[in-house]
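Dropping a prediction and its sequence here:
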Amino acid sequence: MEGFTGNKDVKPYDRLAQYYDWLLMDEESFSYWLKFIESEPFSTVLELASGSGVMARILKEKGYKVTASDISSKMKETSSKNFDGEYLLLDMTDYHLDKKYDLILCLVDSINYLDEKQLDSFFRCAYEHLNTGGRIIFDTHNPVRLLEFSEEYIEEGELYDGVPYQWTIISDRIENTINEHFTFYDNGVMIQEHHLQHVFDSLMLKEKMNKAGFVGEVITDFIPDEKMLFTGKKQ
């Protein structure tokens, strides 16, 4: 874009955080997730990768005792407009809390930010922080999305504060990854964020859940051609 002389690369969500709800909110999905959450009598919830805190707020309003968390300090700052409960900064592959929960959540394809080696740590930490009989619920990209984004998706526009942006998505079917790139054109500077997500095979994920001690199930058509949903129960 003409007229922009600076270029700044930032970590994922360092700039996107302030626009997340406006640009990426998927309200329809909350009803799908809630159906599974409300199907069992959970009381205490740890949500991993809580982002802007919308799901944490919904669950708190429904009477759950919710601990939200994220690795991004910027997302935690943004969450204050949605959620007024406990919000921790933590890495979902390496955390040590002094309590256990009935339910651990990881939604909005957040697990796809991990690589295959990190999944073992993710499941181990979750298992250690669940009560006996507790569950982990998470969703992931359906592998069909690799085909969907084999041709680059490009979206351009202007954000609510007048900042122009560009959002591109393209898949790598050799590496089984989805690459999202955000550029914000602000005050003469191009601020760029790159997000790399790994797309996993459902059988591999279920095997890793079982290895960690969970009895796992998968719904591959949770949201057809978009999301798979996994649940794992701690015995």
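The structure has been received and is ready for your questions. Numbers count the residues shown, from 1 in each chain.

Return the set of buried residues in the helix-or-strand element of the chain with minimal mean pLDDT.
Lowest on mean pLDDT, DSSP states H and E among the helices and strands of the chain sits helix 27-37, with a mean of 84. In terms of neighbour count (16 or more other C-beta atoms under 10 Å), helix 27-37 has its buried residues at Ser29, Phe30, Tyr32, Trp33, Phe36, Ile37. Every residue, glycine included, has its C-beta placed from N, CA and C.

Grab the nearest non-local neighbour of the most centrally placed residue in the chain.
Taking C-alpha atoms, centre = their mean, the centroid of the chain lies closest to Ser110, which sits 2.4 Å from it. Of all residues not flanking Ser110 in the chain, Ala49 sits nearest, at 3.4 Å (C-beta to C-beta, 6 or more residues apart in numbering).

likewise Tyr64?
Leaving aside its sequence neighbours, Tyr64 sits nearest to Val45 (C-beta to C-beta, 6+ apart; 5.0 Å).

got the contact list for the one you found?
Leu59, Tyr64, Lys65, Val66, Thr67, Tyr101, Asp102, Leu103, Ile104, Leu105 (C-beta atoms under 8 Å, 6 or more residues apart in numbering).

Of those residues - the most surrounded one?
Counting neighbours by other C-beta atoms under 10 Å, Leu105 leads the contacts of Val45 with 28 neighbours.

want to throw the buried residues of helix 27-37 into TSV with distance to Phe200?
Formatted as TSV, those follow (distance: C-beta to C-beta, whole Å):
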residue	distance to Phe200
Ser29	19
Phe30	23
Tyr32	19
Trp33	19
Phe36	19
Ile37	22
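
Going toward the C-terminus from the longest helix along the chain, what's the next helix or strand?
Secondary structure of the chain per DSSP state H: the longest helix is helix 116-128. Where DSSP states H and E defines the elements, the next helix or strand beyond helix 116-128 is strand 130-141.

Name the strands paired with that following strand and say parallel or antiparallel.
Looking at strand 130-141 with DSSP bridges, its partner strands are strand 101-106 (parallel), strand 227-234 (antiparallel).

ok, how many other residues are close to Gln197?
When counting by other C-beta under 10 Å, one arrives at 22 neighbours for Gln197.

Bridged to it, which residues?
Ile178.

just the strands in this structure please.
6-10, 44-48, 65-70, 86-89, 101-106, 130-141, 153-158, 164-172, 177-186, 189-198, 214-223, 227-234 (DSSP state E).

who are the neighbours of the first one, in terms of helices and strands?
Which is strand 6-10. Secondary-structure packing of strand 6-10 (3 or more C-beta pairs under 8 Å, 6 or more residues apart in numbering; DSSP states H and E): strand 189-198.

Relative to Thr132, which of the strands paired with strand 130-141 is closest?
Closest of the strands paired with strand 130-141 to Thr132 is strand 227-234, at 6.0 Å (criterion: C-beta to C-beta).

Next, the residues that contact that closest one from outside, please.
Contact partners of strand 227-234, identified using C-beta under 8 Å, 6+ apart, comprise 29, 32, 36, 109, 123, 126-127, 130-142, 202, 205-206, 209, 212-222.

I appreciate the help and will end here.
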